[in-house]
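Undergrad: quick check, what structure comes out for this input:
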Amino acid sequence: MSSPVFSPLTLASSVTVKNRLVKAAMEENMATDNQLPSTELMRLYHTWAQGGVGLIITGNVMVDHMAMTGPGGVALEAETDLTSFRSWASAAKHNNTKVVMQINHPGRQVFKNMGGKVLSPSDVALDMGKHSHMFAKPTPMTEAEIQDVITRFAVTAQKAQDAGFDGIEIHAAHGYLLSQFLSPLTNKRNDNWGGSIENRARLLIEIVKLIKSNVSDHFIVSVKLNSADFMRGGFDVADAKKVVELLGGFNLDFIEISGGSYEAPAMQGRTADERTLAREAYFLEFAQEIANSATMPIMVTGGIKRLAIAEQALEKQVQLVGMATALAMTPDLPNQWQKQPNLVGNIPTVNWKDKTLSGLATMAVVKQQLKRIGNGKPATTSPSPVCCLVKDQFNKAKLTKRYRKQYQQELIKAN
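TA: Numbers count the residues shown, from 1 in each chain. As a prediction, the model looks like this:
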């Protein structure tokens, strides 16, 4: 008997995904020197499409190339040439797979050595302990900057549609800009963009509203939302349920439930408020609570590596199951599950005493596997976190130098 995980789902946009398994977003840092998709990135996405997922969500595509989560990232703006984006979409759509572009603005989560814009609703700096110096203190956004961001999200969504993507996902989780507006810890404003949860959600709502008015009815529009910040006094599940309620009138295709930020990397299974997360499907309990009152399908992501857990998610009213690291290590895991349903995916964990370094090492391990697959090689079964971190830091330094050179040239032209 076939697993319900491999049953199709038709979304509000009338797009049908062939099964409930989703390749969730991961940071790849594999763009060309002008923030365009590379050949290696296209090969990586073609591999995932062939691997059997029903839907692919891309890694971060930034709405402003002067505000990047890291070097080697992809950006899509009003004047961006779409040639490579069309090839990227095409590569991801093999094997009857649908592809959604995740669009994002980092806000204050910008490494200081990158330069560029460091914006946030308020001037609250990241608290990363002894690593806080890695990030610049943000500037509170003006009304003009807020309106510019709204426009940028809408433009990027329209360009994604023009390039052949099946939809977009607005990233309002993991401590990035929209998440910063949602959280009372980072949003200290006393105007229409701060205070009540309705005001803190206003930026997200305005972005959704403008995007929906600009794209086709058959284009997927979705949102990634934290179930909680997992920091004392931060955005919590009651806030998440309210935001989902506010989004209920926009006929969204799905909302992905995740959690955490750079300060509390719950998406890697770590919290900052001493709450204990499940060992697998970290946010399933929260997703179920949200799904009980949601009017749109709910997707859950976070540490899933077994088919039985994916099935359990569907039993709890969740309709889509996202996997990230497990598909970095085993890109054809869905295909393998059809033949070996008891197969357990590989999710490497780094548990060093320094939580920030552990997080960086975990991300480095994943990124090294993505690069290997992009280069046509198999993922490594047991990569060394130390070696991966050293390689990643070296590569990041090289890419940062490349980005800063471009950034400085643009500043000279502008002046």
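Undergrad: which parts of the stretch 251-400 of the chain are helices?
TA: 284-291, 307-315, 325-329, 333-339, 355-374, 385-414 (DSSP state H, counting those that start in this stretch).
Undergrad: packed most tightly, which of those would that be?
TA: helix 325-329 (a mean of 25; mean count of other Cβ atoms under 10 Å). From N, CA and C alone the C-beta is placed, and that goes for glycine too.
Undergrad: which helices and strands does it pack with?
TA: Packing partners of helix 325-329 (3 or more Cβ pairs under 8 Å, 6 or more residues apart in numbering; DSSP states H and E): helix 355-374.
Undergrad: the helix it packs on - contacts with which helices or strands?
TA: Looks like helix 355-374 contacts helix 39-51, helix 325-329, helix 385-414 (3+ Cβ pairs under 8 Å, 6+ apart).
Undergrad: same for the longest one, what does it pack against?
TA: For helix 385-414, the packing partners by 3+ Cβ pairs under 8 Å, 6+ apart come out as helix 355-374.
Undergrad: the helix it packs on to helix 385-414, inter-axis angle?
TA: Angle between the axes of helix 355-374 and helix 385-414 is 80 degrees (criterion: axes from the mean of the first three to the mean of the last three Cα atoms, to 10 degrees).
Undergrad: off-centre distance for helix 355-374?
TA: 15 Å (Cα atoms, centre = their mean, to the nearest Å).
Undergrad: now mean pLDDT and distance to Asp236 too, for the helices and strands packed on helix 355-374, in JSON lines please.
TA: As requested, the helices and strands packed on helix 355-374 are exported to JSON lines (pLDDT from 0 to 100; distance: least, Cβ to Cβ, whole Å):
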{"stretch": "helix 39-51", "mean pLDDT": "98", "distance to Asp236": "33"}
{"stretch": "helix 325-329", "mean pLDDT": "95", "distance to Asp236": "25"}
{"stretch": "helix 385-414", "mean pLDDT": "86", "distance to Asp236": "32"}
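Undergrad: any chance of a markdown table for those helices, columns distance to Thr97?
TA: Output for the helices and strands packed on helix 355-374, formatted as a markdown table (distance: least, Cβ to Cβ, whole Å):
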| stretch | distance to Thr97 |
| --- | --- |
| helix 39-51 | 4 |
| helix 325-329 | 12 |
| helix 385-414 | 28 |
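Undergrad: which among those is found nearest to Ala173?
TA: Taking Cβ to Cβ, helix 325-329 is the member of the helices and strands packed on helix 355-374 nearest to Ala173, at 16.5 Å.
Undergrad: could you dump the helices of the stretch 251-400 of the chain into JSON lines with distance to Asn19 added?
TA: Shown next, in JSON lines, are those (distance: least, Cβ to Cβ, whole Å):
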{"stretch": "helix 284-291", "distance to Asn19": "18"}
{"stretch": "helix 307-315", "distance to Asn19": "10"}
{"stretch": "helix 325-329", "distance to Asn19": "14"}
{"stretch": "helix 333-339", "distance to Asn19": "7"}
{"stretch": "helix 355-374", "distance to Asn19": "21"}
{"stretch": "helix 385-414", "distance to Asn19": "31"}
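Undergrad: how about the helices and strands packed on helix 355-374, which one is nearest Ser132?
TA: helix 385-414 (18.0 Å).
Undergrad: export only the CA atoms of stretch 17-27, formatted as PDB.
TA: Taking Å, rounded to 0.1, in the frame of the first residue of the first chain, the C-alpha atoms of stretch 17-27 are listed here in PDB:
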ATOM      1  CA  VAL A  17       2.100  18.900  -6.500                       C
ATOM      2  CA  LYS A  18       2.600  15.200  -7.100                       C
ATOM      3  CA  ASN A  19       3.400  14.300  -3.500                       C
ATOM      4  CA  ARG A  20       3.700  16.000   0.000                       C
ATOM      5  CA  LEU A  21       7.500  16.000   0.200                       C
ATOM      6  CA  VAL A  22       9.100  19.400  -0.200                       C
ATOM      7  CA  LYS A  23      12.800  20.300  -0.600                       C
ATOM      8  CA  ALA A  24      13.000  23.100   2.000                       C
ATOM      9  CA  ALA A  25      15.300  26.100   1.600                       C
ATOM     10  CA  MET A  26      19.000  26.000   2.400                       C
ATOM     11  CA  GLU A  27      21.700  28.600   2.000                       C
END
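Undergrad: now it, how far from the chain's geometric center?
TA: Worked out by Cα atoms, centre = their mean, stretch 17-27 lies 12 Å from the chain centre.
Undergrad: same check, this time on stretch 71-91
TA: 17 Å.
Undergrad: do the same with stretch 127-135
TA: The mean C-alpha position of stretch 127-135 is separated from the chain mean by 22 Å, Cα atoms, centre = their mean.
Undergrad: quick one: end-to-end length of it, please.
TA: 9 Å (Cα to Cα, to the nearest Å).
Undergrad: which parts of it are buried?
TA: 131, 135 (16 or more other Cβ atoms under 10 Å).
Undergrad: what does it rub up against?
TA: 108-113, 118, 125-126, 262-263, 356 (Cβ atoms under 8 Å, 6 or more residues apart in numbering).
Undergrad: quick one on the thing from earlier: looking at the helices of the stretch 251-400 of the chain, which is closest to Val63?
TA: helix 385-414 (16.5 Å).
Undergrad: hmm, back to that, most neighbours among the contacts of stretch 127-135, which one is it?
TA: Highest neighbour count within the contacts of stretch 127-135: Val110, with 27 neighbours (other Cβ atoms under 10 Å).
Undergrad: got a list of what it touches?
TA: Counted by Cβ under 8 Å, 6+ apart, Val110 has contacts 67-69, 116-118, 135-136.
Undergrad: just put these in JSON lines and tack on pLDDT, distance to Val365 and secondary structure.
TA: Putting these into JSON lines (pLDDT from 0 to 100; distance: Cβ to Cβ, whole Å; DSSP: H, G, I helix; E, B strand; the rest coil) gives the following:
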{"residue": "Ala67", "pLDDT": "95", "distance to Val365": "26", "secondary structure": "coil"}
{"residue": "Met68", "pLDDT": "95", "distance to Val365": "22", "secondary structure": "coil"}
{"residue": "Thr69", "pLDDT": "91", "distance to Val365": "18", "secondary structure": "coil"}
{"residue": "Gly116", "pLDDT": "86", "distance to Val365": "27", "secondary structure": "coil"}
{"residue": "Lys117", "pLDDT": "91", "distance to Val365": "30", "secondary structure": "coil"}
{"residue": "Val118", "pLDDT": "94", "distance to Val365": "28", "secondary structure": "coil"}
{"residue": "Phe135", "pLDDT": "92", "distance to Val365": "22", "secondary structure": "strand"}
{"residue": "Ala136", "pLDDT": "88", "distance to Val365": "27", "secondary structure": "coil"}
